[in-house]
Structures are given as C-alpha cells and as structure tokens.
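Asks: return a 3D structure for these sequence lines:
(one chain, ligands or ions: 1)
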Amino acid sequence: MDSGHLGFKEDFSKTFGKSLKQSVFLHEHANFKVGGQADYFFAASSLPDLVQAVRLARQHSIPYYIIGGGYNLLFDDDGFRGLIIKNCVQGINKTGVAKIEAYSGTPIRELVEFCIANTLQGFEFLAGIPGTIGGAVFGNAGAFDRDIGSFLTEALILDKRGEQVWVDRDYFAFDYRQSRLRTNRNLLLKATFLLQKGVQQDIEDKITENLAKREKKHPPREVACAGSYFKNPVLPDGKRVAAAYFLDQVGAKSLGIGGAAVFSDHANFIINKQEATTKDILCLALELKNRVKQKFGIELEEEVIYLPAELSKP
Ligand SMILES: Cc1cc2nc3c(=O)[nH]c(=O)nc-3n(C[C@H](O)[C@H](O)[C@H](O)COP(=O)(O)OP(=O)(O)OC[C@H]3O[C@@H](n4cnc5c(N)ncnc54)[C@H](O)[C@@H]3O)c2cc1C
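Replies: Numbering: from 1, shown residues only. Here you go, the predicted structure:
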C-alpha cells in the first residue's frame with residue numbers, strides 16, 4: 001500500500017458511500033484456510049457495484065482479482081497487493097420452460113435447489129460441489145462425466161475494456177476443467193442454462209445417489225482443502241485417467257509437509273491438516289508432481305488456482 005492509492009480509496013468511498021476494507025486476511029475467504037492480507041477487499045452484492053469496483057481498480061491501475069466462494073483457490077502467504085472483489089451478486093430466474101438465468105455469485109447449492117423446486121433435470125451432478133456459478137463456469141466444474149459448460153447457452157461477461165457483452169457457449173471454448181475465462185480473465189456476470197423438464201422424485205433420487213458417492217471418497221465438509229488438487233491427465237492413447245491412480249502408486253497418502261498433508265482416503269486431495277502455510281501446500285504439491293513425473297513420465301497439472309501476491313497492473 002502506498003500514498004499513491006489515496007485517489008483510489010477516496011473514489012471508492014465516494015462511489016460506495018463507505019470506506020474500502022483494508023488489510024483483510026484472505027484465509028477467511030478460502031476453504032483452504034491459508035493466505036495473508038489483501039491490501040483492499042470489497043464484497044459486491046449488486047451487478048452495478050461489481051462492475052463499478054472493477055472500473056475503479058482499472059482506472060487507478062490497481063491489480064484486482066475476483067473470487068466466488070474460494071473453494072478452488074490457494075491464496076499466497078503474503079496475501080495480495082491490490083483489490084480482492086468477492087462476488088456476492090446472487091439470484092436465479094426461470095426464463096423459459098426449462099431455461100434459467102442466474103447471476104454469477106449465486107451458490108451452486110442454490111442453483112441445484114432451484115432446479116429441484118422447478119423440476120428441472122440436468123444439474124444433479126452439481127450437487128455437493130461447493131462454490132458459485134462464476135467459479136464453476138470459470139473452471140467448467142463437473143462430476144460423473146458431466147460439466148456445467150454443456151448446459152450454458154448464453155452469458156453476460158465484463159470484458160477487459162470494462163464493456164458488458166453477451167456471448168454464446170462457443171465463446172468459452174469449454175474443455176475438461178477449462179474455459180476461456182481462465183486465460184482472458186474476463187468476468188462472468190450472468191449465465192443462461194438450458195435444462196430439461198424432469199420428474200421431481202427422479203431428480204431427488206439422482207442427487208441422493210450422487211451425494212452418497214461423493215461422501216465415500218471426499219473429505220468431510222469441515223476439512224480445509226480446495227477439492228482435487230490436480231487435473232486428471234490424458235494418456236498418449238487419449239484416455240483420461242484419475243490423477244489419484246498415479247498418486248497412489250508414488251506413496252502420496254503417507255506424505256505431508258509442515259501443516260499440509262495428503263488426505264488419507266483420496267490421494268488427489270491436499271488438505272490443510274494443522275495450520276499449514278501456502279508454502280507447505282505448494283512444496284507438497286511439487287513433491288507429488290516430481291514423484292509422478294519420475295515414475296510415470298506424466299506431468300500433472302494443477303486444478304487448484306494459486307494466486308500470487310503480485311499480479312501485473314490492469
Ligand atoms: C470438497 C470440495 C469438493 C469439490 N468437488 C469438485 C468437483 O466435484 N468438481 C469440480 O469441478 N470442482 C470441485 N471442487 C472445486 C470447486 O468447488 C469448484 O471449482 C467451484 O466451481 C469453485 O467455485 P468458487 O466460487 O468457490 O470459485 P473460487 O474458488 O472463488 O474461484 C476460482 C476461480 O474462478 C474465478 N472466478 C470466480 N468467479 C468468477 C466470475 N464471476 N467470473 C470469472 N472468474 C471467476 C476466480 O478468479 C478463480 O480464478 C471442489 C472443492 C471442494 C473444496
């Protein structure tokens with residue numbers, strides 16, 4: 001933080017009628033429960049506030065980063081030099097027989113509940129995945145061979161110039177845990193999804209079945225982690241194989257560094273066992289990658305997103 005940010009802080013207070021939060025601990029905003037202080041922090045609860053916060057950061061050349069629920073994020077021990085914008089813009093509407101439109105800060109849990117209440121079939125695989133729609137579209141969240149991108153029809157994004165633009169599914173170039181948002185850092189504001197009319201009991205049964213499957217292999221809710229740490233790699237024959245298959249064979253489950261450890265029931269979950277630092281987690285992840293590379297010649301790629309303390313200015 002320096003006095004050069006005075007104009008930014010003043011503009012922020014004028015625009016929002018309250019002062020900007022400063023020196024906010026990020027471990028409180030990430031399920032991994034690690035991360036130092038962010039210089040500035042703003043929770044946006046309306047679309048105009050979200051857009052305006054980004055505009056102000058850009059105008060004043062303050063690095064900024066949007067977060068949803070913080071379920072797939074690893075913040076830096078040194079926090080973040082700039083503005084963290086937490087997207088709390090929520091709401092879902094039915095816009096057709098089986099079409100819905102939702103703001104990107106809506107929790108996935110509410111999306112699933114909305115589908116049950118409106119007997120809409122398709123999103124049963126999302127039950128139990130924590131986070132917001134924005135984070136889910138960013139990483140094309142999925143389970144049981146389905147992903148959210150396949151249901152998206154249109155979306156409103158905020159592009160690099162600060163313009164709001166409607167785009168279609170092709171824009172996102174969805175792939176396994178991948179969308180264009182990962183590379184262009186545009187923001188998802190709203191998305192429209194096309195589902196199918198279903199039968200309430202069938203939808204609920206499928207969700208119960210999926211949740212039971214998840215419970216068997218995932219850490220309990222109170223465990224600090226960010227989901228699967230690595231993406232499942234593709235082999236030369238084109239087959240995608242669970243990263244845990246390789247991690248199991250390099251002794252992952254017995255490994256730990258500092259307060260970080262591999263979850264005892266699933267080798268692809270790194271957990272914050274006891275007051276881990278980000279450094280502990282990164283070192284453990286590197287050790288796992290090295291072992292898999294050495295034994296199988298496979299380069300594991302992180303699914304969890306590490307946010308370094310310093311980002312380039314917008
Ligand atoms: C126990 C557990 C189980 C999990 N299981 C699964 C699973 O089965 N399948 C799966 O796919 N994932 C899983 N995850 C990972 C996580 O739940 C998903 O990635 C989820 O979509 C993250 O949403 P979020 O709002 O928390 O995103 P965050 O962690 O807050 O952010 C993740 C990324 O998305 C970006 N982002 C967030 N909102 C927006 C936006 N509006 N516009 C543009 N970019 C945005 C952020 O900048 C960041 O880079 C699991 C995580 C946990 C902890």
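Asks: what pLDDT does the residue nearest the centre of the chain get?
Replies: Relative to the mean C-alpha position of the chain, the nearest C-alpha, by Cα atoms, centre = their mean, is the one of residue 135, at 3.7 Å. In this prediction, residue 135 carries a pLDDT score of 98.
Asks: skipping adjacent residues, who's closest to it in space?
Replies: In space, not counting the residues next to it along the chain, residue 135 is nearest to residue 68; the distance is 3.8 Å by Cβ to Cβ, 6 or more residues apart in numbering. To be clear about C-beta, it is placed using only N, CA and C from the backbone, and glycine gets the same treatment.
Asks: tell me how far the residue nearest to residue 26 when sequence neighbours are not counted lies from the ligand.
Replies: Setting aside the residues directly before and after it, residue 26 is nearest to residue 35 in space (Cβ to Cβ, 6+ apart), at 3.2 Å. Here the distance between residue 35 and the ligand works out to 12 Å (Cβ to the nearest ligand atom, to the nearest Å).
Asks: how close does residue 35 sit to residue 187?
Replies: When distance is defined by Cβ to Cβ, to the nearest Å, residue 35 is 21 Å away from residue 187.
Asks: higher neighbour count, those two?
Replies: Regarding residue 35 and residue 187, a neighbour count based on other Cβ atoms under 10 Å identifies residue 35 as having more, with 27 against 22.
Asks: residues contacting the more buried one?
Replies: The contact partners of residue 35, by Cβ atoms under 8 Å, 6 or more residues apart in numbering, come to 25, 26, 27, 29, 74, 75, 76, 77, 79, 80, 278.
Asks: the fourth one: what's it in contact with?
Replies: Remark: with contacts taken as Cβ under 8 Å, 6+ apart, residue 29 is in contact with 35, 41, 67, 70, 75, 84, 86.
Asks: partner residues bridging the residue nearest to the third one when sequence neighbours are not counted?
Replies: Setting aside the residues directly before and after it, residue 67 is nearest to residue 86 in space (Cβ to Cβ, 6+ apart), at 5.4 Å. Counting by DSSP bridges, residue 86 forms beta bridges with residue 43, residue 67.
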